[in-house]
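[1] Could you look at this predicted model? Sequence included:
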Amino acid sequence: ILAEAPARVEQMVRLTEGFQHSTSNFIPASADSIDALRAAAMSCQACPLHEPASQTVFGIGNPNAKMVLVGEQPGDQEDIQGLPFVGPAGQLLDRALEAAGLNRNKLYMTNTVKHFKFQQRGKMRLHAKPGAREITACKPWLEQELLLIKPTALICLGATAAQAIIGRDFSITRQRGQFIESPLCAQTIATYHPSAILRATNQERSQEMFDHLVSDLRKASSVLV
């Protein structure tokens, strides 16, 4: 066991290399508004994702919103434009919001991870799922966003957001559409991420998932009184 100790230490150093101990180091005490928090996030280097990404993609929307939507991470178009939910998944989400009778301008939208993680394939940048360390490194930004906004309803789009907010054991398959009290909002509900709907294997499944997304959005909006 003693002989293995140096190798284990070296492994831990490799695993943590490039990660700051806490994103909180980048959040100044003066960040007492969403605009101030967004400005501070632009220089975040808490994990290695800031290096290949074009920019930090922070949340956007009504700072007094009663409903907040949280996704996984920005995609290619979000990374280019610096705004969340502006690519194909965002366009599908807009259609779902309209079908649910919700006005995007009255909501706040953000992501669990604020930098685009991708794999380069020629000229294409393909989405890569963020790891636990990256999610943990970025979580203080999300926590501070929600602390400032204090939403009545919090919608997790996809398993990554749900597991980061509700808990690692959360399952979209088993618990989608259920109100759960999370540490960040008493009325938290998880549903499909629009990108998962775009990846559906056939049109019938895609429509079914879209209908569930709309239904879950309506359910979440029912507590906005």
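    Yep, it's here.
[2] Mind listing residues that contact stretch 208-222?
    Identification of contacts with stretch 208-222 by Cβ atoms under 8 Å, 6 or more residues apart in numbering yields 67, 92, 95-97, 99-102, 153, 155, 176-177, 179, 187, 189, 191-192, 194, 196-197, 200. Using the backbone N, CA and C atoms, a C-beta is placed for each residue, glycine as well.
[3] buried residues in that stretch?
    Residues of stretch 208-222 classed as buried: 209-210, 212-217, 219-221 (neighbour count, 16 or more other Cβ atoms under 10 Å).
[4] Please narrow the residues you listed to those residing in helices.
    Counted as lying in helices by DSSP state H, out of those, are 209-210, 212-217, 219-221.
[5] For residue 126, state which of those residues is nearest.
    residue 209 (21.7 Å; Cβ to Cβ).
[6] Report the spatially nearest residue to that closest one, omitting neighbours in sequence.
    Nearest residue to residue 209, sequence neighbours excluded (Cβ to Cβ, 6 or more residues apart in numbering): residue 197, at 4.6 Å.
[7] Can you tell me which of the contacts of stretch 208-222 are buried?
    Listed as buried from the contacts of stretch 208-222 are 67, 92, 96-97, 100, 102, 153, 155, 176, 187, 189, 191-192, 194, 196-197; burial here means 16+ other Cβ under 10 Å.
[8] Tell me how far residue 168 lies from residue 60.
    Going from residue 168 to residue 60 by Cβ to Cβ, to the nearest Å gives 28 Å.
[9] swap that for residue 123, sorry
    Distance of residue 123 to residue 60, given as Cβ to Cβ: 28 Å.
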